[in-house]
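Peer 1: Here is my input; please provide its structure:
(one chain, ligands or ions: 2)
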Amino acid sequence: MHRLLTRASLSVAIIIGSLLTGGAAYAEPAPMVRVVLESFTAYDLEESGHDEVYVIAQYQGKARQLFPTNTGELSVARNDCIYISGDSCPAGTNHRGYYSAHKPSYTANGTLLMVALREDDIAGDDTLINVPLWPEPISETQYFREEANINGYHYTLNFRLEPSY
Ligand SMILES: [Ca+2]
Ligand SMILES: [Ca+2]
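Peer 2: Ligands and ions are numbered 1, 2, ... in the order given. Modelled structure (predicted):
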């Protein structure tokens, strides 16, 4: 009887082992996430005439500017859509392309990561959109579509998190 049980346990172990091997064909969740800026649109400005905007990622007390890549900020007018990657600009907006952005990777361990669209101002920069994230390991890209239509301005911000190894 003891011998039979051992044999049964062994065959179960072999079946489980082959299932695990099959499972390995799927992508393992990545230990890091990469922030990829796609676009943002200024439907209505925070100031009159032009806003001077930039996008940053904040992680563990450090800010990394994603856009523009040469630091500083970009002057945008009402209805400008700043395109970097991903979905095309909404119909009726003024498509402004040929831009690139930094794509930093962060450890996916649930630590707070904030992606923010900000407006340069002498009296302290204005945060137009702030997206708090607590990234966990992912195996598929996650898309973020944020919109702020408050305090007299109206912006959208599109970015994605990609698995990063
Ligand atoms: Ca301002
Ligand atoms: Ca300003």
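Peer 1: Endpoint to endpoint, stretch 98-118 covers what distance?
Peer 2: The stretch stretch 98-118 measures 21 Å between its terminal residues, going by Cα to Cα, to the nearest Å.
Peer 1: go on, stretch 82-97?
Peer 2: Start-to-end span of stretch 82-97 (Cα to Cα) is 6 Å.
Peer 1: Could you pull out the buried residues of it?
Peer 2: Using 16 or more other Cβ atoms under 10 Å as the test for burial, stretch 82-97 gives Ile82, Tyr83, Ile84, Ser85, Cys89, Thr93, Arg96. Where you see a C-beta, it was placed from the backbone N, CA and C, and this is true even at glycine.
Peer 1: Quick check: residues of this protein near ligand 1?
Peer 2: Glu46, Glu47, Glu119, Asp121, Asp126 (Cβ under 5 Å from the ion).
Peer 1: Just the buried ones from the residues you listed?
Peer 2: For the residues of the chain next to ligand 1, a burial check counting by 16+ other Cβ under 10 Å picks out Glu46, Glu119, Asp126.
Peer 1: Please name the nearest non-neighbouring residue to Asp120.
Peer 2: Distance criterion Cβ to Cβ, 6 or more residues apart in numbering; nearest residue to Asp120, sequence neighbours excluded, is Glu52 at 4.1 Å.
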